[in-house]
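Pasting the sequence and the predicted model now:
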Amino acid sequence: MLVASLVLVAVAMAAVAVTAVPLARGRYQLPPARRALVALIPLWQVAMMGVSFAAGALRGAGVAWVPLCEVIVAGVGFACAAFNPRLFAGIEQAGAQDVAAARAQALEEQVGVQQAYLEQAERAAVEAVRSRHVYADEFERIAEALAAGDVPGALVAVERTDAMIPRSGGRLCQHPVADALLKAKMAQAAGEDVDLQVHADVPYELELSDAELCAVVSNLVNNAIAAAARVAEAARNRDAEDLVPPQVAVTIGTTRGYLAVRVENPYLPEEDATLRELAAPRRTLRPTERVHNLPQHGWGLSIVRELAELRQGSLKLEVADGRFRAVALLKLGK
């Protein structure tokens, strides 16, 4: 009887172990880190049954209640084996919903960015037509002045024409969505008394969806602007003289088949401990952190990490020299 019950436990252990096979084969669409954590569930179940298996074997026959104990453990094991696939599917679905929510938010921002880009293009087209007529009139005046021998008058017209040429408003990068998004963030930062410095080298053709691009850049830059704005507000509350807007640095470009987004910002001294905990290796980011610790951090970074890992990339966080740095890498291509 005891031998039969121990065999039953062994079969239950095997059934639970089999549920981990789809995880190992990538059946569930989970980032590598989360897949490893989920794989601990069946491993823990097998370990618990293994302890019971070993305990029963060491006791030996002769105790009437031991077989019943092993049968109960085996029953629990079979129940776990039946429930695990649903549990894994639920975890996969929850992660997919988080990513879908982030992408939906990014799509909304993308639409807004593209609308702003189209409006900017329309204004530029109208301005180009107007400028062409204005410049043509000025060039005609210059030609008439030169023909009449009025060199001083021609020089005045040349200076006036030169003054009308715009000196700013160029593109930040070749990618239209990235360019429009970064310009929108610069305007947002200016409204928060934050100096947003952008160094962008994003090609026109990028093997990454606009939604993913917007999700990663928006979350990281929004976090940085919010943190810097708190620094600016604290400085204003202290009535500090010669206020210098806190600076946020954004560097975005492609390297070795990856899109690299680096964002760096200052933060308040009282946020140091929380940020260091957030940046700790193997740190699991939870939605509650956004409410209880730092606004705009935690959950947004979790979404960025999800997207990066789905793109075979990573998100690295660092706190050093009074600044918080986030570097996201996303593999380009299908």
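Perfect, thanks for sending it. Everything quoted here is computed from the prediction, not taken from an experiment.

After the strand or helix carrying Ala14, heading C-terminal, what element do we hit next?
Assigning secondary structure by DSSP states H and E places Ala14 in helix 2-18. Note on helix 2-18: by DSSP H and E, the next helix or strand toward the C-terminus is helix 21-24.

so for that following helix, what's the average pLDDT?
Here helix 21-24 scores 79 as its mean pLDDT.

Check for me that Leu259 belongs to a helix.
No: according to DSSP: H, G, I helix; E, B strand; the rest coil, Leu259 belongs to no helix; its state is strand.

looking at it, it is touching Leu330, isn't it?
Yes: the pair Leu259 / Leu330 is scored as a contact, 4.8 Å apart, by Cβ atoms under 8 Å. Placement of C-beta: from N, CA and C, glycine included.

Which neighbours do these two have in common?
Leu208, Val216 (Cβ atoms under 8 Å, 6 or more residues apart in numbering).

who does the helix holding Ala14 touch, helix- and strand-wise?
helix 32-59, helix 65-147 (3 or more Cβ pairs under 8 Å, 6 or more residues apart in numbering; DSSP states H and E).

gap between stretch 13-33 and the chain center?
Offset of stretch 13-33 from its chain centre (Cα atoms, centre = their mean, to the nearest Å): 26 Å.

Flag every buried residue along that stretch.
Buried residues in stretch 13-33, counting neighbours by 16 or more other Cβ atoms under 10 Å, are found at Met13, Ala15, Val16, Ala17, Thr19, Ala20, Leu23, Tyr28, Leu30, Pro31.

Let me have the residues you listed in JSON lines, adding distance to Ala81 as columns.
Output for the buried residues of stretch 13-33, formatted as JSON lines (distance: Cβ to Cβ, whole Å):
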{"residue": "Met13", "distance to Ala81": "9"}
{"residue": "Ala15", "distance to Ala81": "4"}
{"residue": "Val16", "distance to Ala81": "5"}
{"residue": "Ala17", "distance to Ala81": "9"}
{"residue": "Thr19", "distance to Ala81": "6"}
{"residue": "Ala20", "distance to Ala81": "10"}
{"residue": "Leu23", "distance to Ala81": "14"}
{"residue": "Tyr28", "distance to Ala81": "16"}
{"residue": "Leu30", "distance to Ala81": "20"}
{"residue": "Pro31", "distance to Ala81": "25"}
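
pLDDT check: weakest of those residues?
Pro31 (70).

Now that one. Nearest residue, chain neighbours left out?
Spatial nearest neighbour of Pro31, chain neighbours left out: Glu309 (3.4 Å); criterion: Cβ to Cβ, 6 or more residues apart in numbering.

surely that neighbour meets Ala36?
No: the criterion here is Cβ under 8 Å, and Glu309 misses it with Ala36 at 11.2 Å.

neighbour count winner among those two?
More crowded of Glu309 and Ala36, by other Cβ atoms under 10 Å: Glu309, with 18 against 11.

Centre of the chain to the helix or strand hosting the more buried one, how far?
Applying DSSP H and E as the criterion places Glu309 in helix 299-310. In terms of Cα atoms, centre = their mean, the centre of helix 299-310 is found 5 Å from the chain centre.

can you offset everything so residue one is 656?
With 656 as the first residue, the last one maps to helix 954-965.

how far off helix 687-714 does it point, in degrees?
Computed with axes from the mean of the first three to the mean of the last three Cα atoms, to 10 degrees, the direction of helix 954-965 lies at 80 degrees from that of helix 687-714.

for helix 954-965, packing partners?
Going by 3+ Cβ pairs under 8 Å, 6+ apart, helix 954-965 lies up against helix 687-714, helix 720-802, helix 865-892, helix 943-947, strand 969-975, strand 978-986.

one more time with 7 Å, if that's ok
helix 720-802, helix 865-892, strand 969-975, strand 978-986 (3 or more Cβ pairs under 7 Å, 6 or more residues apart in numbering; DSSP states H and E).

Rebuild those as a markdown table, extending it with mean pLDDT.
Shown next, in a markdown table, are those (pLDDT from 0 to 100):
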| stretch | mean pLDDT |
| --- | --- |
| helix 720-802 | 73 |
| helix 865-892 | 90 |
| strand 969-975 | 93 |
| strand 978-986 | 96 |
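
Nice, that's everything, thank you.
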